[in-house]
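Enquirer: Got a predicted structure plus its sequence, pasted below:
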Amino acid sequence: MSLDEVKEKGWDELDVIVVTGDAYVDHPGFGTSIIARVLEDAGYKVGVIAQPKWESADDFTKLGKPRLFFAVSAGNTDSMVSNYTPSKRLRHEDAYSPGNKEGMRPNRAAVVYSNRIKEAYPDSPIVIGGIEASLRRFAQYDYWSDKVRQSILADAPANLLVYGMGELQILEIADRLKKGAAVSDINDIDGTSWKMEVKKWKQNKEEILKSEDYIEISPYIEVSKDRILYARAFRDTYYEQDPVRGKGIIQVHPKTVIVQNKPMRPLSQEELDHVYELPFTRRTHPSYKEKVPALDMVRFSINTHRGCFGSCSFCAIVLHQGRMIRSRSIGSILREAKRFRNMKGFKGIINGLGGPSANMYGMDCKNWEKRGACKGKNCIYPRPCPSLNTSHDKLTELMKRLREMPGISKVFVGYGVRYDLALLDENYMEELCAHHVSGQLKVAPEHYCDNVTKAMKKPDRETFEKFEEKFKEINKKLGKDQYLVAFLMSGHPGCTLDDMIENAEYIRDTGKYTKQVQDFTPTPMTASTCMFHTGIDPFSSKKIYVATSTKDKNIQRALLHYKDTKNHALVMEGLKQAGRMDLAGNSWNSLVSRKKRGKNGWW
């Protein structure tokens, strides 16, 4: 992170400089660190500029000019999500910054950083990646500006964009530049996007599309004005997100043409093992005097696999990691756990085990290798596909071997359990409850109204109730006093005021009142965001209700916390709008007391 450190290593210059909007934390849960370690492992000299001041180019020159390229990322999250709440207010904390301090990264960080690098080193290649770049690679609806923005590659003066998990792409880019290739000639690597001149596209369009290696989606100008075309473009993009059968995608912008090559193949098990066994220190950089809260959450957790076939509408994992599961070997995971025992601060507790989900480890489909994930079908929604291997046997073996290791006292799985999958394997549920829950298990039904869970592509209420019943039954048999903590969401597309009231009534009747709630936030490149912007389900092309106004969203949120007196005026307003004043009063089924009107409305 400094020239002094470069000199200590005996280096004259750096090959690659990684610029990130997060603090520098050497942990495999941080994308910047994975990319840096993978490059280092391949023999490249790597520097990191973390959370640079962006008002000038000064901070971007402190390590000099890299021999090969700058690799730019906004960090582990989209910078707009990091900086703003769902109500578009500035956040007052940032878990990825030292001391939880806010304001350490700019809005649209990947674009801002790229501009400053271009200012400092006009001829240095720039490669952007990470969540922000990956999920903004096409024209996308931006919630914070309430408009459709261009591809981030059209806005940023970058040469290439890496999307998805980028280890293979970044190594190929580095290798080609090292061999003397011009960055403008690097346009055939899977898992990358690049810019083509409009004139060249017009000259070669017919030939490119005739090859059937690429499809064209509606241009930026059209999708920014026509919501039907926007929804179709999203659907086409979604369906091609597959490394086996997926095609490249082309979208014309006013001053450039964005070309996305087909997705990069997932890492093999051997490659995945190697990446996670690189010498991560699991510490923040020594220059920091304050803790980085995000590290405390995951420091002694283990990533077991990548990918998720759950395909929840509000999640972008499918468009980043893909649906195919790639699992590490049990041996690799055990070796990682063994290294924990020699690390300062480790007290024998592994506080997280899983990937995008906690219980898809070792699962696969017989069709994935040759045909890829099925186009137009979901692996698990509304019910698991018969071709899908949903056995938890490998996972239960892994959990058993971890907890039997000397020096490991507890292995907790506190969140991320896909409960519709868990229901298929009672042995897994018994192992989970007996050994891997620390009193509470966090699960995410998100809503108790089937109309809404259908739009979310989440399991229905009956499935959650079956899981809850089985969880209680097993814990009773084990003599354990353990509970489920349910996470809920308000304001999701498809959720009407009537649905939210039904949800509140169900919570009232079942005693499931919870503080764990969140407003739906439209984030780049999710199906739910497409619905929010267009009012259309992109897969069925049917219209869908969306609560878009601040008042409607606030009412929905208030109904989740109807017991809070601060919400009573909004709850009362919602009941009035729905014609459900029968739920206002002092009877057993009332959601809110009906008292006199005060300055702030009903209370």
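Expert: Arrived safely, thanks for sending.
Enquirer: any idea how far the residue nearest to R283 when sequence neighbours are not counted lies from P286?
Expert: Leaving out its chain neighbours, the residue that sits closest to R283 by CB to CB, 6 or more residues apart in numbering is D26, at 6.0 Å. Placement of C-beta: from N, CA and C, glycine included. Using CB to CB, to the nearest Å, D26 is found at 10 Å from P286.
Enquirer: So between these two, which is more surrounded?
Expert: D26 (19 against 10; other CB atoms under 10 Å).
Enquirer: and after the helix or strand containing E271, which helix or strand comes next?
Expert: Applying DSSP states H and E as the criterion places E271 in helix 269-276. Where DSSP H and E defines the elements, the next helix or strand beyond helix 269-276 is strand 283-284.
Enquirer: so C308 touches P356, yeah?
Expert: Yes. Counting by CB atoms under 8 Å, C308 touches P356, with 4.0 Å between them.
Enquirer: The two: who's more crowded?
Expert: C308 (24 against 21).
Enquirer: Work out the gap between the top helix by length along the chain and the centre of the chain.
Expert: As assigned by DSSP state H, the longest helix anywhere in the chain is helix 461-478. Offset of helix 461-478 from its chain centre (CA atoms, centre = their mean, to the nearest Å): 28 Å.
Enquirer: That helix packs against which elements?
Expert: helix 419-422, helix 426-435, strand 440-446 (3 or more CB pairs under 8 Å, 6 or more residues apart in numbering; DSSP states H and E).
Enquirer: Which residues outside the following helix or strand past that helix are in contact with it?
Expert: Following helix 461-478 in sequence order, the next helix or strand is strand 483-490 (DSSP H and E). Contacting residues not belonging to strand 483-490 are listed as 314, 439-448, 456, 468, 471, 500, 503, 512, 514, 516-520, 553, 556-557, 559-560 [CB atoms under 8 Å, 6 or more residues apart in numbering].
Enquirer: S313 is in contact with F520, correct?
Expert: No. If you go by CB under 8 Å, F520 and S313 don't touch, sitting 10.0 Å apart.
Enquirer: Find the residues that touch each one of these two.
Expert: With CB under 8 Å, 6+ apart, F520 and S313 have common neighbours H492, P493, S528.
Enquirer: out of those, who has the most neighbours?
Expert: Neighbour count (other CB under 10 Å) singles out P493 as the most crowded of these, with 27 neighbours.
Enquirer: That residue is in what secondary structure piece?
Expert: Counting by DSSP H and E, P493 is part of no helix or strand.
Enquirer: Could you pull up the residues touching it?
Expert: Contacts of P493 (CB under 8 Å, 6+ apart): S313, A455, F520, S528, M531, F532, G535, I544, Y545, V546.
Enquirer: Now list the buried members of the contacts of strand 483-490.
Expert: 314, 441-448, 456, 468, 471, 500, 503, 512, 519-520, 553, 556-557, 559-560 (16 or more other CB atoms under 10 Å).
Enquirer: In the helix holding E271, which residues are buried?
Expert: L272, D273, H274, V275, Y276.
Enquirer: For that helix, output the C-alpha coordinates as CSV.
Expert: Written as CSV, here are the backbone C-alpha positions of helix 269-276 (Å, rounded to 0.1, in the frame of the first residue of the first chain):
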residue,chain,number,x,y,z
GLN,A,269,-12.8,-27.8,-7.6
GLU,A,270,-9.0,-27.9,-7.7
GLU,A,271,-8.8,-24.3,-8.8
LEU,A,272,-11.3,-23.2,-6.2
ASP,A,273,-9.4,-25.1,-3.5
HIS,A,274,-6.2,-23.3,-4.6
VAL,A,275,-7.7,-19.9,-4.5
TYR,A,276,-9.1,-20.2,-0.9
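Enquirer: and the angle from the longest helix of the chain to strand 483-490?
Expert: 160 degrees (axes from the mean of the first three to the mean of the last three CA atoms, to 10 degrees).
Enquirer: Could you list the residues in contact with helix 461-478?
Expert: 419-420, 422-423, 426, 429-430, 433-434, 441, 443, 445, 448-450, 453, 481-482, 484, 506.
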